[in-house]
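In: sequence first, then the predicted structure:
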Amino acid sequence: MFLRNRAGVSTWISTKQFSKSPAHPHRIFSLFSYSTVPPKAVISHTDKDVLHLHWTSSDQTPSSDSAYSFLWLRDNCQCEKCIHPSSQQKMHSSADIPLDIAPTDVRVHNNQAQITWNKPLRHQQKDSHISTFPLSFLANHHSPAAQTKFRFNHLQPVLWSKEDYKAEWISYEDYMTTDKGLHEAVQRLYNKGLVFLKDVPLKDSSATQVAERIGPVHETFYGRDFDVKNIAKSTNIAYTSLYLGFHMDLMYMDSPPGIQLLHSLKNSVTGGSSIFVDSFQAAAQLKEAYPEDYEILQKTPVTFHYLNNGHHMHYRRPTLVMQEQGVSAWDSHVNYAPQFQGPMEFESPHQAASFYRAFQRLANIIEDPALRFELTLQPGHLGRCQ
């Protein structure tokens, strides 16, 4: 059984085979659309250490004003002498900027701002520098709101329950070979944390290839990928036929997988359903019904550990790490894996009662059948959950 975990695409872990009866439950910026209409600006004025620009209105945005520190502007010059043309990384340190630097000339022409400075960088015996800035760069740093939108931090996931989620399949061929297929998969994954592919080749390497279409696979001590199947004397409960309940994997690692892939190569038993729940929805319901418990689960670190087979993994993280509306959702997490918890490390034994009450209430919401989406992955099907 699977819980929607986190909003950002960051790390990967892939599972290849689903062949047991009980169910087991980062960012691609260029795939989101944004306006390509070049912004228009004029110089408003300069004061002691700030450049002020006035942005004219367009179909997309109203007119507005912005201000930029001279220090910030010199530090973020976009010319090829300051930004390496192929790596796009800075060629100097912020410590190199003279504290009393100021422009001797400022111009805006052909969608570009140009600033001539009164002195070179520290430790450089050169003539004064001319900085260039595309207006689109300055527009992206126009304000905190503009920076948030530029990084797609304004996007919020869509909450869903059983009645809301409909499985819409994307073909493996479209996903692997077309931008449209990749875009559709990433959008669904971000919006609802769940996407399904069909006609995936029945090969061990297929899940990894699907993962690498978006980003690199992070290896763990389990290997690059792993088979989910019943193994005698297994070193992980996932390799048994036991009912695990809803959970996320590898919570005892410092960077758990942001996305997990389940590729069905074979399903030779009765049952084997995959059951999914949107944990963001569960968190929202807990907040509405029991706000005090919501706060407790945000503040109380839970111990996760793996102590077996020569490995001792340990990490503590709150059950809920939820950003408020208007703040980046990429940093929101629900960390829920009862089977992989270690002994709680309370600062005081008096914390236990309030935590266990809050945790039970969240568990009751997660187990609500009205939140569950269930299906059985057939050979060639691949489910990707976030």
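Out: The structure has been received and is ready for your questions.
In: buried ones in stretch 40-47?
Out: residue 41 (16 or more other CB atoms under 10 Å). C-betas here are computed from N, CA, C, even on glycine.
In: repeat that for stretch 190-201.
Out: For stretch 190-201, by 16+ other CB under 10 Å, it's 190, 191, 192, 193, 194, 195, 196, 197, 198, 200.
In: what's the end-to-end length of stretch 209-216?
Out: 10 Å (CA to CA, to the nearest Å).
In: repeat that for stretch 135-144.
Out: Start-to-end, stretch 135-144 (CA to CA) is 17 Å.
In: also stretch 114-133?
Out: Stretch 114-133 end-to-end distance (CA to CA) = 6 Å.
In: what segments of this protein are helices?
Out: 70-75, 135-140, 144-150, 172-177, 179-192, 206-212, 279-289, 291-299, 352-366 (DSSP state H).
In: just put those in a markdown table and tack on mean pLDDT and distance to residue 90.
Out: Output for the helices of the chain, formatted as a markdown table (pLDDT from 0 to 100; distance: least, CB to CB, whole Å):
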| stretch | mean pLDDT | distance to residue 90 |
| --- | --- | --- |
| helix 70-75 | 97 | 8 |
| helix 135-140 | 94 | 14 |
| helix 144-150 | 85 | 18 |
| helix 172-177 | 96 | 36 |
| helix 179-192 | 92 | 29 |
| helix 206-212 | 92 | 29 |
| helix 279-289 | 95 | 36 |
| helix 291-299 | 97 | 36 |
| helix 352-366 | 97 | 44 |
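In: mind putting those into a markdown table with distance to residue 129?
Out: Shown next, in a markdown table, are the helices of the chain (distance: least, CB to CB, whole Å):
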| stretch | distance to residue 129 |
| --- | --- |
| helix 70-75 | 8 |
| helix 135-140 | 17 |
| helix 144-150 | 25 |
| helix 172-177 | 46 |
| helix 179-192 | 39 |
| helix 206-212 | 42 |
| helix 279-289 | 48 |
| helix 291-299 | 48 |
| helix 352-366 | 56 |
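In: nearest to residue 309, of the ones you listed?
Out: helix 206-212 (23.3 Å; CB to CB).
In: can you pull the buried residues of that closest one?
Out: 206, 207, 208, 209, 210, 211.
In: my read: the fifth one touches residue 201, true?
Out: So that's residue 210. No - contact criterion CB atoms under 8 Å: residue 210 and residue 201 do not qualify, at 9.9 Å.
In: out of the helices of the chain, which is closest to residue 86?
Out: That would be, of the helices of the chain and by CB to CB, helix 135-140, which comes in at 17.9 Å.
In: okay, and for the stretch 51-200 of the chain, where does confidence drop off?
Out: For the stretch 51-200 of the chain, applying pLDDT under 70 flags the ranges 59-60, 125.
In: not counting sequence-adjacent ones, nearest residue to residue 137?
Out: Among residues not flanking residue 137 along the chain, residue 78 sits closest, at 5.8 Å (CB to CB, 6 or more residues apart in numbering).
In: now the one you found. Its backbone dihedrals?
Out: Backbone torsions of residue 78, given as degrees, to the nearest 10, read phi -100, psi 10.
In: tell me the contacts of it?
Out: 131, 132, 133, 134, 137 (CB atoms under 8 Å, 6 or more residues apart in numbering).
In: change it to 7 Å
Out: Contact partners of residue 78, counting by CB atoms under 7 Å, 6 or more residues apart in numbering, are 132, 133, 134, 137.
In: would a markdown table of those residues with distance to residue 355 and neighbour count be doable?
Out: What follows is the contacts of residue 78, written out as a markdown table (distance: CB to CB, whole Å; neighbours: other CB atoms under 10 Å):
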| residue | distance to residue 355 | neighbour count |
| --- | --- | --- |
| 132 | 56 | 16 |
| 133 | 51 | 19 |
| 134 | 51 | 15 |
| 137 | 47 | 15 |
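In: with distance to residue 147 as added columns, please give those residues in JSON lines.
Out: Shown next, in JSON lines, are the contacts of residue 78 (distance: CB to CB, whole Å):
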{"residue": "132", "distance to residue 147": "20"}
{"residue": "133", "distance to residue 147": "15"}
{"residue": "134", "distance to residue 147": "16"}
{"residue": "137", "distance to residue 147": "11"}
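In: and the pLDDT at residue 275?
Out: We have a pLDDT of 87 for residue 275.
In: hmm, it is touching residue 374, no?
Out: Yes - with contact defined as CB atoms under 7 Å, residue 275 counts as touching residue 374 (4.6 Å).
In: so these two - more neighbours on which side?
Out: Taking other CB atoms under 10 Å, residue 275 and residue 374 do not tie; residue 275 has more neighbours (18 against 13).
In: and the gap between that one and residue 150?
Out: Residue 275 sits at a distance of 38 Å from residue 150 (criterion: CB to CB, to the nearest Å).
In: what does residue 215 give?
Out: 20 Å.
In: re the thing from before, between the buried residues of helix 206-212, which is closest to residue 56?
Out: Distances from residue 56 to the buried residues of helix 206-212, taken by CB to CB, are shortest for residue 211, at 44.6 Å.
In: make sure the closest one is actually in contact with residue 218.
Out: No - taking contacts as CB under 7 Å, residue 211 lies outside contact range of residue 218: 9.6 Å.
In: still on that earlier bit, for residue 39, which of the helices of the chain is the nearest?
Out: It is, among the helices of the chain and with distance given as CB to CB, helix 135-140, at 4.2 Å.
In: and that closest one, which residues are buried?
Out: 135, 138, 139.
In: quick one: residue 72 from residue 339, how far?
Out: Taking CB to CB, one finds residue 72 at 49 Å from residue 339.
In: buried stuff in stretch 262-278?
Out: Those would be 262, 263, 264, 265, 267, 272, 274, 275, 276, 277, 278, for stretch 262-278 by 16+ other CB under 10 Å.
In: which single one of these is nearest to residue 145?
Out: Looking across the buried residues of stretch 262-278 and measuring by CB to CB, the closest to residue 145 is residue 278, at 27.6 Å.
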